[in-house]
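Colleague: next one to model:
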Amino acid sequence: MDVVLGTDTRDLDDRFISTGRYAATVAEMIDATGASPDAIRSSMRRLASKRRAFSPARGLYVFVPSEYRSWGVVPAEWFIDSMMAHLGRTYYVGLLSGAELHGAAHQRPQVTQVVVDQALPGRDIERVRLRFYATNADLGSLPVQRRNTKTGTLAVSSPELTVVDLCGRPVAGGGLDNVATIIRELSDDGLISTSGFAQLVARVPSHALRRAAHLVESLTELRLDVVAEAAGNGGEPVPLDPHGARRGTVDRRWNIRVNVQVEPEA
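Modeller: You can find the predicted model right below:
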């Protein structure tokens, strides 16, 4: 770490922020100041009591600039990347939070939803609520975009990956009607494509991809022939609503049992 602040630990938050750093580990603060671990921890306890810093993970602190001190926290997008790096987790912001970042969440999510490579418990920090969704998929092979934030960058699922994840976890997406609304909004904005879905074949669960493909072709003018050829549709039909009845007509193209009527918001 190339930030050198001197041994004075007073106003450590303002001094880090002045260098463009909004998060630092205890070890990094020791390196930057030369102060003892006890002095750093004491300083951070004092700043936290004044709502000038908070700790989203053991050993990591996030500094709160003056405009957010009434909150005692900064927006989740400002610190998720630092927190996940500190925890050694591969991640991306997805589901409804991913849809919002793509401009397709007509109702702001009540939590920030993050897909991770290993299970993590949810965390509530003042008004910021983080919810984590573990996946067995190889996150390194998935199409993830880096978005600029106030404090750096953030990993976000591609629009197509966002759709597939929502179809794989429709409850987390506010139900299939809401997922359908998001699909239509992403399509209207020209953000989803056949090639984008083709990238996901064999990289995401087949049931989620087939659900997504059925809805995309039902709700938009997009045709996913390349996906249909590669995805396969053998075995028992996948229920469109995983929590619905095991009856309904079957979409043979995608081997989806249409057990619910999906109605996107007009």
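Colleague: going by C-alpha atoms from here, please, whenever you check contacts or count neighbours.
Modeller: Will do.
Colleague: counting neighbours, what do you get for V216?
Modeller: Residues near V216, counting by other Cα atoms under 10 Å, number 20.
Colleague: just name whatever secondary elements whichever strand or helix holds it is in contact with.
Modeller: Using DSSP states H and E, V216 sits in helix 206-219. If contacts are counted by 3 or more Cα pairs under 8 Å, 6 or more residues apart in numbering; DSSP states H and E, helix 206-219 sits against helix 159-168, helix 176-188, strand 256-258.
Colleague: and R123, what are its bridge partners?
Modeller: Beta-bridge partners recorded for R123 (DSSP bridges): L130.
Colleague: which residues are in contact with it?
Modeller: Going by Cα atoms under 8 Å, 6 or more residues apart in numbering, R123 touches P56, R129, L130, R131.
Colleague: CA atoms of the helix holding V216 as CSV?
Modeller: Extracted C-alpha coordinates of helix 206-219, given in CSV (Å, rounded to 0.1, in the frame of the first residue of the first chain):
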residue,chain,number,x,y,z
SER,A,206,-30.3,-25.8,-17.5
HIS,A,207,-33.7,-25.3,-15.7
ALA,A,208,-33.0,-21.6,-15.2
LEU,A,209,-31.9,-21.1,-18.8
ARG,A,210,-34.9,-22.9,-20.2
ARG,A,211,-37.3,-20.9,-18.0
ALA,A,212,-35.6,-17.7,-19.1
ALA,A,213,-35.7,-18.8,-22.8
HIS,A,214,-39.4,-19.6,-22.6
LEU,A,215,-40.2,-16.3,-21.1
VAL,A,216,-38.0,-14.3,-23.4
GLU,A,217,-39.6,-15.8,-26.5
SER,A,218,-43.1,-15.4,-25.0
LEU,A,219,-42.6,-11.8,-24.1
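Colleague: from the chain's centroid, how far away is whichever helix or strand comes after that helix?
Modeller: The C-terminal neighbour of helix 206-219 among helices and strands, as given by DSSP H and E, is helix 225-231. Relative to its parent chain, helix 225-231 has a centroid offset of 27 Å by Cα atoms, centre = their mean, to the nearest Å.
Colleague: packing partners of the helix or strand following helix 225-231?
Modeller: Note on helix 225-231: by DSSP H and E, the next helix or strand toward the C-terminus is strand 238-239. Helices and strands touching strand 238-239, as assessed by 3+ Cα pairs under 8 Å, 6+ apart, comprise strand 256-258.
Colleague: pull the residues that contact the strand it packs on.
Modeller: Contacts of strand 256-258 (Cα under 8 Å, 6+ apart): 210-211, 214, 237-241, 246-251.
Colleague: for it, which strands pair with it and how are they oriented?
Modeller: For strand 256-258, pairing defined by DSSP bridges yields strand 238-239 (parallel), strand 249-251 (antiparallel).
Colleague: give me the mean pLDDT for it.
Modeller: Mean pLDDT, strand 256-258: 96.
Colleague: same deal with stretch 150-166?
Modeller: For stretch 150-166, the per-residue pLDDT averages 97.
Colleague: what do you get for stretch 16-33?
Modeller: On average, stretch 16-33 scores 92.
Colleague: that one: how far from the chain's middle?
Modeller: That offset, for stretch 16-33, works out to 25 Å (Cα atoms, centre = their mean).
Colleague: how far does that stretch stretch from start to finish?
Modeller: Start-to-end span of stretch 16-33 (Cα to Cα, to the nearest Å) is 11 Å.
Colleague: where along the stretch 51-200 of the chain do the strands fall?
Modeller: For the stretch 51-200 of the chain, the strands defined by DSSP state E, counting those that start in this stretch cover 53-57, 60-63, 91-93, 112-116, 123-125, 128-134, 144-149, 152-157.
Colleague: before we move on, back to that, which of the strands paired with strand 256-258 sits most buried?
Modeller: strand 238-239 (a mean of 22; mean count of other Cα atoms under 10 Å).
Colleague: nothing else from me, thank you.
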